[in-house]
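1. structure here, sequence nowhere to be found:
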């Protein structure tokens, strides 16, 4: 029932379905609370913590995935190439650890620290810590590593952590939905919040002059059991199952269809906690899933199951502007 309601609500945000007017006062109250909370931080009533190293926030103003995590991984590699020592912090959404913050490595379990955290540990060559309080997660990084710049995967609304650069990521397909604040719409903050960030990047095609674009692509499929790698072109016209429990499953399905794969789509809520019956089907078709979902399925996957690592390709002018800001804000 909860999953069905969540799906209905999300459809109502992005498909212009009827929304009960009874929810509108709640949205208006939420808007007031968000603005007042921001005001309290701005005038110093609520305190911010300034760290000894620069902090870059990669977030969004809408509920749901926009492609933040792959962008954070890309920026971490870019900073490493430039001679920095980046570390990553995140919320650890979906993790059920008894204590926070949590240090994350390749042996960490997604049910404890969250699926995105484990994905980043598998992909990033830098220290990672997660927790609801970003300041404490960041302090753990500084205490246990020699990182000299911190990337925060999400946290645009976590004002307790002072930041040097803010990057907002927009889903180019869905943008801001119906334009309403929660719960009538997907907005966590008003669209006007984007006027205060340093960079805006769109997962898809940019629509405004101040926006940059980025694309996603994937060429390989990796078997969850054997670790065998295949080109996605090997699945051309092959009837397959496609499984996605991410913010916008359609984006993954579209990628597979662009690769000419005949897919039967199975969409789940973002951060869905998979069980065997979710991915085991009564046929011999291969099952293709996102890498983020795969980290929760290794224990019950079979040789029919493959994940598709995707890479983000940001507009070069975005990367140039980002590095310029880093040098300006961190005094080189």
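-> The structure has been received and is ready for your questions. Because the structure is predicted, anything quoted here is derived from the model rather than measured.

2. for residue 212, what is the enclosing helix or strand?
-> Residue 212 is part of strand 211-217 when elements are defined by DSSP states H and E.

3. same thing with residue 318?
-> Short version, using DSSP H and E: residue 318 is in helix 316-329.

4. so what touches that helix?
-> 54, 56, 75, 78-79, 82, 84, 149, 164-165, 167, 198-199, 201, 212-214 (C-beta atoms under 8 Å, 6 or more residues apart in numbering). C-beta here means a position set from N, CA and C on the backbone, and glycine is covered the same way.

5. now it: buried residues?
-> Using 16 or more other C-beta atoms under 10 Å as the test for burial, helix 316-329 gives 318, 319, 322, 325, 326.

6. same list (those) but as a markdown table, adding distance to residue 306 and pLDDT.
-> What follows is the buried residues of helix 316-329, written out as a markdown table (distance: C-beta to C-beta, whole Å; pLDDT from 0 to 100):
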| residue | distance to residue 306 | pLDDT |
| --- | --- | --- |
| 318 | 31 | 98 |
| 319 | 30 | 98 |
| 322 | 33 | 98 |
| 325 | 38 | 97 |
| 326 | 37 | 95 |
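
7. where does the stretch 51-200 of the chain have low pLDDT?
-> Along the stretch 51-200 of the chain, no part satisfies pLDDT under 70.

8. on that earlier part again, strand partners of the strand holding residue 212, parallel vs antiparallel please.
-> strand 199-203 (parallel), strand 311-314 (antiparallel) (DSSP bridges).

9. next SSE downstream of it?
-> Next along from strand 211-217, by DSSP H and E: strand 220-223.

10. next structured bit after that following strand?
-> Toward the C-terminus from strand 220-223 - assigned by DSSP H and E - lies strand 229-231.

11. got the buried residues for that next one?
-> Buried-residue list, strand 229-231, by 16+ other C-beta under 10 Å: empty.

12. out of the strands paired with strand 211-217, flag the one nearest residue 286.
-> strand 311-314 (21.4 Å; C-beta to C-beta).

13. picking up where we left off before, and the contacts of the strand holding residue 212?
-> Counting by C-beta under 8 Å, 6+ apart, 67, 70-71, 170, 172, 199-206, 251, 255, 310-315, 317-318, 321 sit against strand 211-217.

14. in PyMOL, select just the buried ones from these.
-> The following PyMOL line selects those of those that are buried, judged by 16+ other C-beta under 10 Å:
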select buried, resi 67+70+71+170+172+199+200+201+202+203+204+206+251+255+310+312+314+315+318
